[in-house]
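>>> Below are the sequence and a predicted model for it; my questions follow.
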Amino acid sequence: MTGHIEILRRSLLEKNDRSAAENRALLVRKGLAAINVLGGAGSGKTAILEGLLPGLRLRGCRPGVLEGDLATTRDAQRIAALDVPVVQLLTEGGCHLTAELVRAGLDRLPLDELDVVFIENVGNCVCPANFDLGEHARLVVLSVAEGDDKPAKYPHLFATADAIVFAKMDLLARTPFNPDRATRDIRALNAQAPIFRTSSDDPTSFEPPEWWVLDEVRRVRAAEAPPSMTRVPAGTR
Ligand SMILES: Nc1nc2c(ncn2[C@@H]2O[C@H](COP(=O)(O)OP(=O)(O)OP(=O)(O)O)[C@@H](O)[C@H]2O)c(=O)[nH]1
Ligand SMILES: [Mg+2]
């Protein structure tokens with residue numbers, strides 16, 4: 001009985017991985033970078049997109065967004081208000097996006113008019129980290145209100161990040177969050193990912209992550225981007 005269950009789980013991941021590889025091939029063919037934005041519910045993922053998108057456009061980079069949620073089009077409405085192409089992906093209860101759903105979203109975006117696609121995953125520190133969507137990089141959001149113990153408690157999310165944002169830094173004085181402690185725990189899992197700090201009331205705080213996004217776009221264009229899932233330590237998926 002146990003073996004049977006294991007076979008089903010494997011085939012689910014294998015099917016997803018095949019779709020993810022197809023997504024990645026499509027994106028590379030179109031010269032597009034895709035960034036999977038992950039983090040807990042309410043950590044500030046959409047707020048970070050709202051902070052990044054205007055600056056990227058000023059620098060000549062054309063973004064599109066796939067918004068993942070269980071229900072409602074509220075996040076998509078926030079992105080559409082910035083006049084950025086967006087498709088809302090509803091999982092209808094599912095706790096993570098799948099590569100297949102992302103493919104359906106990509107088919108509805110004007111890919112030939114874009115340079116980068118952000119995929120905001122469902123707010124959740126566990127399930128989304130296990131599913132490759134075909135992205136080139138993962139941006140993980142940790143708000144100071146969530147606590148500095150989250151990297152140690154949700155290691156897979158932080159181990160597979162290509163960049164990390166400490167969000168809601170304006171609230172730092174009101175929380176016990178210790179950025180040094182969070183950074184130390186992240187470095188035990190992930191030696192390389194840059195760590196940015198943002199506050200939605202400080203537009204300049206989004207400039208460093210903007211430059212990181214622009215570098216990712218250049219890397220994909222130069223076909224140098226290693227698929228982020230190849231960095232997942234063996235046996236953790
Ligand atoms: N003080 C402060 N509040 C913020 C900041 N960023 C986001 N918020 C607030 O935090 C709440 C959640 O922000 P969202 O951007 O919706 O978070 P999210 O991660 O996209 O949420 P889900 O998509 O529901 O998982 C909202 O009320 C935001 O206004 C920030 O930098 N500072
Ligand atoms: Mg959101």
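That came in fine, so what should we check first? Residues are numbered from 1 along each chain as shown. Ligands and ions are numbered 1, 2, ... in the order given.
>>> Now the residue in the chain positioned nearest to ligand 2. Nearest residue, chain neighbours left out?
Ligand 2 sits closest to T46 of the chain, with a gap of 3.4 Å, by CB to the ion. Heads up, the C-betas are built off the backbone N, CA and C, glycines and all. Computed as CB to CB, 6 or more residues apart in numbering, the closest residue to T46 that is not its neighbour in sequence is D75, at 4.7 Å.
>>> Please name the nearest non-neighbouring residue to the one residue in the chain that gets nearest to ligand 1.
Nearest to ligand 1 in the chain, going by CB to the nearest ligand atom, is G123, at a distance of 2.4 Å. In this structure, G123 finds its nearest non-sequential neighbour in A41, 3.2 Å apart by CB to CB, 6+ apart.
>>> how much space between T46 and A188?
29 Å (CB to CB, to the nearest Å).
>>> Please identify which of these two sits among more neighbours.
T46 (22 against 13; other CB atoms under 10 Å).
>>> got a list of contacts for the strand or helix carrying that one?
Following DSSP states H and E, one finds T46 within helix 45-58. With contacts defined as CB atoms under 8 Å, 6 or more residues apart in numbering, helix 45-58 is touched by 37-39, 63, 65, 67, 75, 78-79, 82, 84, 116, 118, 120-121, 123, 139, 141, 165, 167, 198, 200, 203, 205-207, 209-210, 213-214.
>>> Quick check on those residues: which are buried?
Buried members of those, scored by 16 or more other CB atoms under 10 Å, are 37-39, 63, 65, 67, 75, 78-79, 84, 116, 118, 120-121, 123, 139, 141, 165, 167, 198, 200, 205-207, 209-210, 213-214.
>>> Out of the residues you listed, list just those in helices.
Among these, the members falling in helices (DSSP state H) are D75, R78, I79, E207, P209, E210, V213, L214.
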